[in-house]
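# here you go, sequence then predicted model.
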Amino acid sequence: MDGEASREDLPARQRGLIWLGGLLLVGGEVAGAIVGAFHAGGAKANDHAAVFKQYAESDSWTAVHILLFMSALLIIAGVVVLARALAQVERGRSLAVLIAVSAAVSAAAAGLVLAVDGVALKQTADAWVNAVPAQKAFAFHDAEVIRWLEWGANSFLATAEGVTYMLLGWAIVRTAIVPKWIGWLSVVAGVGYVGVAFSVGYEGFTDTTSALGVTAGVLFVFVSIAIAVIGWRAKKRAAPPVVA
């Protein structure tokens with residue numbers, strides 16, 4: 001049985017899970033983009049003095065990062081829902097467990113990154129800006145230590161995300177609950193996130209890191225939209241006809 005035929009035979013519950021998973025993925029990404037528009041920026045990310053000054057001047061910094069975490073949780077929820085859909089296919093059951101575990105690790109890592117960046121780094125940046133001249137150097141060093149902790153946390157978050165998206169993609173390829181090309185696209189996005197992990201781990205937030213992150217992120221946005229559209233169509237086909 002080919003992939004298209006197998007999707008036509010999916011039970012209504014599984015079609016609903018695919019649609020809900022895609023909807024959560026897209027919803028989380030849209031929410032993250034909206035909230036991200038209020039994220040202070042403009043300075044080179046590895047120019048710590050300029051970055052810390054921006055952080056200290058932002059009154060919404062912590063609130064933005066809390067909301068970003070909420071949007072990240074929506075995306076993680078979408079992945080977990082898709083894992084439930086995959087678990088209903090025999091070839092996807094073992095991978096579904098791995099996907100759910102990896103998604104949970106990603107959620108924890110996202111929380112760590114956003115807590116370090118949104119709370120700890122904001123506080124140390126404020127302390128540096130407000131420090132008396134004799135304490136400026138020490139306060140700046142404290143802020144840089146937190147920034148380097150953010151590098152490490154971000155590196156491991158990107159690793160967890162990359163592994164999650166590669167597992168999700170491979171499970172889609174194996175089960176064909178949605179077209180296999182979506183699975184391969186998810187695998188490529190996952191590889192991109194692993195590239196981000198190495199880049200930020202060694203070099204911090206460079207232009208290379210940004211380019212890799214944007215590319216991988218855009219690829220997974222396409223994955224999310226495709227899953228949502230296919231899930232909506234499948235759910236619509238599964239709905240009973242309206243009797244006049």
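Okay, I see it.
# can you give me the pLDDT of the residue nearest to Ala43 when sequence neighbours are not counted?
Distances taken as C-beta to C-beta, 6 or more residues apart in numbering place Ala50 nearest to Ala43, at 3.7 Å, with adjacent residues excluded. Heads up, the C-betas are built off the backbone N, CA and C, glycines and all. pLDDT for Ala50: 91.
# for Ala50, give its distance to Phe198.
25 Å (C-beta to C-beta, to the nearest Å).
# okay but Ala197 is in contact with Ala153, surely?
No. Contact criterion C-beta atoms under 8 Å: Ala197 and Ala153 do not qualify, at 11.0 Å.
# secondary structure element holding the spatially most central residue of the chain?
Residue closest to the average C-alpha location in the chain (C-alpha atoms, centre = their mean): Ala72, at 5.7 Å. Taking DSSP states H and E as the criterion, Ala72 maps to helix 61-87.
# chain center to that helix: distance?
7 Å (C-alpha atoms, centre = their mean, to the nearest Å).
# just after that helix, pick out the following helix or strand.
Using DSSP H and E, the helix or strand that follows helix 61-87 in sequence is helix 93-115.
# need the contact partners of that following helix.
By C-beta atoms under 8 Å, 6 or more residues apart in numbering, the list of residues contacting helix 93-115 from outside reads 65-66, 68-69, 72-73, 76, 79-80, 82-84, 86-87, 150, 153-154, 156-157, 160-161, 163-164, 167-168, 170-171, 174.
# give the buried residues for the following helix or strand past it.
Using DSSP H and E, the helix or strand that follows helix 93-115 in sequence is helix 121-130. For helix 121-130, burial by neighbour count (16 or more other C-beta atoms under 10 Å) applies to 121-129.
# one more: stretch 127-147?
If you call a residue buried by 16+ other C-beta under 10 Å, then stretch 127-147 has these buried ones: 127-129, 139-140, 142-144, 146-147.
# how long is it from one end to the other?
Across stretch 127-147, the terminal residues are separated by 14 Å (C-alpha to C-alpha, to the nearest Å).
# quick one: distance of that stretch to the chain centre.
Centre-to-centre, stretch 127-147 and its host chain are 31 Å apart (C-alpha atoms, centre = their mean).
# same question for stretch 182-191.
Relative to its parent chain, stretch 182-191 has a centroid offset of 13 Å by C-alpha atoms, centre = their mean.
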